[in-house]
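# make a model of this:
(chains A, B, C and D)
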Number of protein chains: 2
Amino acid sequence: MVRPAVPSPIVSPRTPVIAGGGGALFAGCPELIGTPSTYGREEEIFGEGEEAESVYRVVQGAVRTHKVLSDGRRQITGFHLPGDLFGLEQGETHRHSAEALSGTRVLIFKRRQIERIATHRAEVACQLWSLATRSLRHAQDHMLLLGRRSALERVAAFLLDVDLRLGGTGTFDVPMTRRDIADYLGLTIETVSRTISQLEGEGALLRTGGRQVSLRRSRMHRLVED
Amino acid sequence: MVRPAVPSPIVSPRTPVIAGGGGALFAGCPELIGTPSTYGREEEIFGEGEEAESVYRVVQGAVRTHKVLSDGRRQITGFHLPGDLFGLEQGETHRHSAEALSGTRVLIFKRRQIERIATHRAEVACQLWSLATRSLRHAQDHMLLLGRRSALERVAAFLLDVDLRLGGTGTFDVPMTRRDIADYLGLTIETVSRTISQLEGEGALLRTGGRQVSLRRSRMHRLVED
DNA sequence: CGACACCTTGAAATATCTCAAGGAGCGTGG
DNA sequence: CCACGCTCCTTGAGATATTTCAAGGTGTCG
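Down below sits the predicted model:
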């Protein structure tokens, strides 16, 4: 089992078993072909409580999944970038809502079909297990972040993780708004904004126009207890 | 898929597919027989990073699993009560540490053996998927709690959940220390203590000696936004 | 009975939030 | 092409929930 050399995979991990992604959900499962679809910025892909008919893989763009309380407080449980799977449920209904952050292309797979195949092909069922396990690991790392890390550590860890998932060059456009970041990190938008300013003030990053940032990764890493 | 009528399953859910638990890990899998073992109060069952050879089911007592940062901050990711499974990993190593809260009896299963069976029996692999999914659901609910709920809501939700898992009578002994509760809820022990006092002051519960509490469940429920 | 771990409570410190205002970027329509 | 109206982001000042530090209380077990 390969594990990336990251302190904590803050954003949901890549789908594991797929090779390139020629439309099939799993390697060795060519009968599972996804249907392409696109969603606009802020468009809902599915809502919490809806019947979970489909599973999605991001091809291009970005997606967030979240839960809300009745008074509107929101917790984003994951951001999904190209290659990532989301929306896979075992029960009848989705446990989250999902929306596109920007114009997003996805492949849609039928859950019934996947489950039917998993029922009689053990290696496919194992891949489902694998998928759930990866999400679980992310969720557990995120619990530690939400329960025990300071705002500075949360933001630093978040930016490092996004960088990594976007290629690890250290310079990238943050694909989500401050509100989304805040709702992912359990903070307010003002705190996120101030914390990024603070990181810049300490020379841990540069804001280079728009949403682009350039990380001094060694300094950022020093801020994230491990 | 049955979903209990709880706002949020705060403690890790029961193992799903097992029937009574005559020593077998899964229904329909009598060749997986667990070896009984016991652990004393605060005794470590496994540590984070250790090789994950075994899977455990609680028979009696209670277990916590947690992660720690290098400076000692700790996040408990779950409490495991009789019937619950813990320690199941997919990779080579444990992602958590686990300790017994009190004298605890468990059944130990060999991971290799389980995986070997899962490799060629799809329904067993599906049960592994099911297990991971349940843990995932708990983790995601807990993220919402850690990221977006107040101390009062956290403690109230926690007590309601423990009550439910301990039989739902409304009166029970809290099986964990304030420190454990705090590290589970992302709070300090003082805040947990004060919050319980506050709940008592508001008539939402009674402390009836030792660690026993008696919940006014309707009032408690009103405190937990859903 | 004493020691010890655990729990409770108070007072002060502080991290984060809330409320408020202004600035930057961007698409649209005149 | 500019101005308007948005939405998003930043920053400040004050409010507040929670933490920190400190002390004492309670229960349990040898």
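# what ranges does chain A have for its strands?
Remark: strands assigned in chain A by DSSP state E are A:35-39, A:44-46, A:54-60, A:63-68, A:74-80, A:85-86, A:97-100, A:104-110, A:171-173, A:205-207, A:212-215.
# could you check how far residue A:127 is from residue A:162?
Separation of residue A:127 from residue A:162 (Cβ to Cβ, to the nearest Å) stands at 26 Å. Backbone N, C-alpha and C define where each C-beta goes, glycine included.
# what residues are up against the nearest residue to residue A:99 once chain neighbours are set aside?
Closest residue to residue A:99 apart from its sequence neighbours, by Cβ to Cβ, 6 or more residues apart in numbering or on different chains: residue A:44 at 5.1 Å. Counting by Cβ atoms under 8 Å, 6 or more residues apart in numbering or on different chains, residue A:44 touches A:97, A:98, A:99.
# one step back: got TSV for the strands of chain A, with mean pLDDT too?
Shown next, in TSV, are the strands of chain A (pLDDT from 0 to 100):
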stretch	mean pLDDT
strand A:35-39	95
strand A:44-46	97
strand A:54-60	96
strand A:63-68	98
strand A:74-80	98
strand A:85-86	97
strand A:97-100	97
strand A:104-110	96
strand A:171-173	95
strand A:205-207	96
strand A:212-215	97
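# just send these back as TSV, with distance to residue A:116 too.
Formatted as TSV, the strands of chain A follow (distance: least, Cβ to Cβ, whole Å):
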stretch	distance to residue A:116
strand A:35-39	17
strand A:44-46	21
strand A:54-60	13
strand A:63-68	25
strand A:74-80	25
strand A:85-86	18
strand A:97-100	23
strand A:104-110	9
strand A:171-173	40
strand A:205-207	48
strand A:212-215	45
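# among those strands, which is nearest residue B:116?
Set against residue B:116 and scored by Cβ to Cβ, those come closest in strand A:85-86, at 26.3 Å.
# who touches the spatially most central residue of chain A in this structure?
Nearest residue to the geometric centre of chain A (Cα atoms, centre = their mean): residue A:79, 2.6 Å. Contacts for residue A:79 (Cβ under 8 Å, 6+ apart) come out as A:11, A:12, A:62, A:63, A:64, A:101, A:162, A:175, A:176, A:180, A:184.
# quick one: the helix ranked longest in chain A near DNA strand D?
Secondary structure of chain A per DSSP state H: the longest helix is helix A:122-148. No: counting by Cβ under 7 Å from any atom of the strand, DNA strand D is not contacted by helix A:122-148; separation bottoms out at 8.7 Å.
# quick check: beta-bridge partners of residue A:93?
With DSSP bridges as the criterion, residue A:93 is bridged to residue A:51.
# verify the stated contact: it with residue A:49.
Yes: with contact defined as Cβ atoms under 8 Å, residue A:93 counts as touching residue A:49 (5.4 Å).
# can you list the residues of chain A near DNA strand D?
Taking Cβ under 7 Å from any atom of the strand as the measure of proximity, chain A contacts DNA strand D at A:177, A:178, A:179, A:189, A:190, A:192, A:193, A:194, A:196, A:197, A:207, A:211.
# still on that earlier bit, state the distance from the residue nearest to the centre of chain A to residue B:157.
26 Å.
# check residue A:130 too.
31 Å.
# those two: which is more packed in?
residue B:157 (26 against 20; other Cβ atoms under 10 Å in any protein chain shown).
# and the pLDDT for that one?
pLDDT, residue B:157: 98.
# what residues are up against the residue nearest to it when sequence neighbours are not counted?
Ranked by Cβ to Cβ, 6+ apart and with sequence neighbours excluded, the top spatial neighbour of residue B:157 is residue B:224, at 4.8 Å. Listed by Cβ under 8 Å, 6+ apart, the contact set of residue B:224 reads B:7, B:153, B:156, B:157, B:160.
# repeat that for residue A:195.
Contacts of residue A:195 by Cβ under 8 Å, 6+ apart are A:151, A:152, A:154, A:155, A:187.
# just the ones of those in helices?
Those of the contacts of residue A:195 lying in helices (DSSP H): A:151, A:152, A:154, A:155.
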